[in-house]
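Participant: just need the structure, nothing else, for what follows:
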Amino acid sequence: MELSILSAGAAKGLVQALKADFQSSEGAAISGSFGAVWTIKEQFDTGAPCDVVILTAKILAELEAKGELIAGSVVPLGSVGTGVAVRTGAATPAIAERDALGASLRKAKAIYLPDPVRSTAGIHFVGVLKKLGIYDDVQAKLQPYPNGATAMAHMAQNTEDDVIGCTQVTEILYTKGVTLVGLLPKEFELSTLYAAGISRNAAHPELARKFIEELTSKQTQQLRVEGGFNV
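Facilitator: Model (predicted):
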C-alpha cells in the first residue's frame with residue numbers, strides 16, 4: 001500500500017521528517033511530489049494520483065467547495081513567513097528595513113528565488129523587488145528554480161561571496177548549507193497559511209486521514225515550529 005501526497009514545497013521538510021515513523025507504524029509507503037503551489041495544483045487538477053494534498057488554505061477551501069476534496073477533511077498546518085537566507089558561514093546582510101534590504105540585494109552577485117510565476121514566495125519576492133524600485137537593476141542576477149528548496153540547495157553550492165536568497169522560511173530551515181537571516185521587513189512581509197486535505201479520489205482515504213492527524217497533532221507541533229510553521 002502506498003500513500004500519494006501532492007504538496008507545496010513549504011511542507012516538504014515536515015512530510016519527510018514524519019515519513020519513516022509513519023511508514024513503520026502503518027506499514028505503508030509514502031510517495032510525494034513537491035513543488036511550487038501552482039505546479040502542484042495543476043498536477044492535482046489534471047488527475048495525478050493523490051490521497052493527501054497540501055497547499056495554501058485558500059486554495060484548499062476552493063477545492064473543497066467544488067467537491068474536489070472530501071468534505072470536512074481540510075486541516076490547517078500553520079502559517080509560514082517569507083525570509084531571506086545566505087550560505088551558512090557567510091556574512092549576514094542587513095535586511096531589517098527597506099533601504100537596507102534594497103542595498104543588500106543590489107550588492108549581491110546572485111539572488112536565488114523560487115519560480116517567480118508559479119510559486120507563492122517567488123511571485124511575492126518579484127513584487128518586493130519592484131516595490132523597492134530595483135527589479136530592472138537586479139534582474140540579470142536572479143537565479144529562479146522550480147521551488148524554494150531547490151533554489152536554496154543551489155545557493156548552498158555557490159562559493160562566491162555576496163549571494164542571497166529569498167523563499168519561505170520552512171524551505172530555508174530544512175535545507176542544509178543555508179542560514180535564515182530573518183523575515184522580510186514588515187512592509188513586505190508575507191505569511192501564508194497552509195493546510196492539508198483528502199482528495200475525493202483518494203485510493204486510501206483512511207490512511208490519508210491518519211497521516212493528516214499526525215501532521216497536525218500536538219505531538220508534532222514542536223517539529224512544525226522548529227521547521228518554520230507558526231501554529
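Participant: which is the succeeding secondary structure element to the strand ranked longest in the chain?
Facilitator: Of all the segments of type strand in the chain, defined by DSSP state E, the longest one is strand 75-87. The C-terminal neighbour of strand 75-87 among helices and strands, as given by DSSP states H and E, is helix 98-107.
Participant: may I see the buried residues of that following helix?
Facilitator: L101, G102, S104, L105 (16 or more other CB atoms under 10 Å). No exception for glycine: its C-beta is placed from N, CA and C like everyone else's.
Participant: sticking with the nearest residue to A71 once chain neighbours are set aside, tell me its helix or strand.
Facilitator: Of all residues beyond its chain neighbours, the one nearest A71 is E64 (6.6 Å), with distances taken as CB to CB, 6 or more residues apart in numbering. Counting by DSSP H and E, the element that carries E64 is helix 57-65.
Participant: cool, A17 as well?
Facilitator: Short version, using DSSP H and E: A17 is in helix 12-26.
Participant: coming back round to it: direction included, what does the longest strand of the chain pair up with?
Facilitator: Paired strands of strand 75-87, with direction, are strand 163-168 (antiparallel), strand 178-183 (antiparallel), strand 191-198 (antiparallel), strand 229-230 (antiparallel) (DSSP bridges).
Participant: Q157 and T220, how far apart?
Facilitator: Per CB to CB, to the nearest Å, Q157 is found 31 Å from T220.
Participant: who has more neighbours out of those two?
Facilitator: Neighbour count, other CB atoms under 10 Å: between Q157 and T220, T220 has more, with 20 against 9.
Participant: I figured the more buried one hits F22, correct?
Facilitator: No. Counting by CB atoms under 8 Å, T220 stays clear of F22, with 10.5 Å between them.
Participant: got any residues that touch both of those two?
Facilitator: E214 (CB atoms under 8 Å, 6 or more residues apart in numbering).
Participant: which of the helices or strands spans the residue lying closest to Q143 once chain neighbours are set aside?
Facilitator: What sits nearest to Q143 in space, not counting adjacent residues and going by CB to CB, 6+ apart, is Y112, at 4.7 Å. When secondary structure is defined by DSSP H and E, Y112 falls within strand 110-114.
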